[in-house]
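*Asks:* Here is my input; please provide its structure:
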Amino acid sequence: MDSSPPKYNGTQNPEEWLKEFRFFCLLRGIHEEHEMLELALLKIDNTIPIPKEGISSFSDLSNLLKDHVTYTLQCKVAFEELKGIKYNVDVNIVDFIAKFLSLCANSHVINVQDQKTCLVQACPDDVVRDIFINKIKKQPSMHRVIEIFHDTMTEYKSQIRYGSRVALKHVVTSQYLSHGKKHKPDPLRANLSEVFCSSWKRSENDVWIVTATYGQNKAPGDPIFFNSMIQLVHEKTREALFGDEGQLNLSGAWVWTLTDPRTNWIVQSHDLLHYDNPDYVMDGDIITLRHNLNKMSLQSHEFKNSDGNQEVIIHGDGQGDIHKVQ
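*Replies:* Here you go, the predicted model:
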């Protein structure tokens, strides 16, 4: 059998505590309200004064508990937490919304416009906040606002951002852009180490970090638009994807140990290679990586290098299927 509810000491929500107490009484076969009320009064902490007369119903008791200073402080604390709450993509969104609505109730934020304002402030960053504001601007239903919040955050989680860890798969051969566990110097240029495509199964050597180019005013977490310039840093070796600046018909691709303009790449949608796509780069998009200086695109094919790995080169205008990266 369940144990009795804890003593009410001012830290619980009065309505929730009374509901739990009534539930306990019903489980014990106590159905008369006056009996429940007598028992409830015995479970209230001595620091909360109870008048000898005037408490004849649970409604009276609820009002009494809400008049106490501890409840006033509960509401203030809940409101401060509500103002500071932020959505974290690692948290289940149902849990987040349940907590948000609970804080709204506990802080007496019941007006739809006020709730919308608080939910806007809970957005993870300014970019997604602006998107969410535009979507809910004329929406009078809080139920619908919450649904829109869910959809917007689902899209947010799929955005590629500065600081994202990504694996780049060559679409035609389904192999991942890779590099060994350590720098393997090129025979002619020791600062260079070859990259390649080596496996259909992703490994730790296939992970790259999307970073801003030198001098860009971008913060980790900022979304990446198509036609943005980025660097790709190999997570294991901390070396950046590099391409030769010359206008060559065929040029290798390496990683590079130094900060250099030749490690800058333009992210383009393969379906829209011209500079006319305002959208964000999303997980699963098929892209082309165009070198910033020589304007040629990263590609791969089934030819093997001396180590038996699939070659990665920089060649062409990016319109062929062999330039597709996902």
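*Asks:* Now for the closest residue to residue 44 other than its chain neighbours: which residues touch it?
*Replies:* Leaving aside its sequence neighbours, residue 44 sits nearest to residue 8 (Cβ to Cβ, 6 or more residues apart in numbering; 4.8 Å). In this view, the C-beta of every residue, glycine as well, is placed from N, C-alpha and C. Residue 8 makes contact with 14, 17, 43, 44, 45, 48, 65, according to Cβ atoms under 8 Å, 6 or more residues apart in numbering.
*Asks:* if I look at the spatially most central residue of the chain, how far off is residue 24?
*Replies:* Central residue of the chain (Cα atoms, centre = their mean): residue 89, 3.2 Å from the mean position. Relative to residue 24, residue 89 is positioned 39 Å away (Cβ to Cβ, to the nearest Å).
*Asks:* Run through this structure and note the low-pLDDT ranges.
*Replies:* Per-residue confidence for the chain (pLDDT under 70) gives these ranges: 1-2, 180-191, 244-259, 272-278, 306, 318, 322-323.
*Asks:* For it, which segments count as helices?
*Replies:* 14-27, 33-42, 58-67, 69-84, 93-106, 112-121, 126-136, 142-157 (DSSP state H).
*Asks:* Turn those into CSV, including mean neighbour count and distance to residue 261.
*Replies:* CSV is the format used below for the helices of the chain (neighbours: other Cβ atoms under 10 Å; distance: least, Cβ to Cβ, whole Å):
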stretch, mean neighbour count, distance to residue 261
helix 14-27, 16, 61
helix 33-42, 14, 74
helix 58-67, 16, 65
helix 69-84, 15, 42
helix 93-106, 16, 41
helix 112-121, 16, 39
helix 126-136, 15, 27
helix 142-157, 15, 31
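*Asks:* now those in TSV, with distance to residue 299?
*Replies:* Converted to TSV, the helices of the chain look like this (distance: least, Cβ to Cβ, whole Å):
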stretch	distance to residue 299
helix 14-27	62
helix 33-42	75
helix 58-67	69
helix 69-84	48
helix 93-106	39
helix 112-121	43
helix 126-136	31
helix 142-157	30
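*Asks:* and of those helices, who's closest to residue 197?
*Replies:* The minimum distance between residue 197 and the helices of the chain falls on helix 142-157, with 27.2 Å, by Cβ to Cβ.
*Asks:* Taking helix 112-121 as reference, get the angle to the closest one.
*Replies:* 10 degrees (axes from the mean of the first three to the mean of the last three Cα atoms, to 10 degrees).
*Asks:* Can you name every helix or strand that helix 142-157 contacts?
*Replies:* Contact here means 3 or more Cβ pairs under 8 Å, 6 or more residues apart in numbering; DSSP states H and E; on that basis helix 142-157 packs against helix 93-106, helix 112-121, helix 126-136.
*Asks:* Please list the residues outside the second one that contact it.
*Replies:* Think helix 112-121. Under Cβ under 8 Å, 6+ apart, the answer for helix 112-121 is 82-83, 85, 100, 104, 109, 129, 132-133, 136, 139-142, 145-146, 149.
*Asks:* hang on, residue 205 packs against residue 236?
*Replies:* Yes - in this structure, residue 205 is within contact of residue 236 by Cβ atoms under 8 Å, at 5.9 Å.
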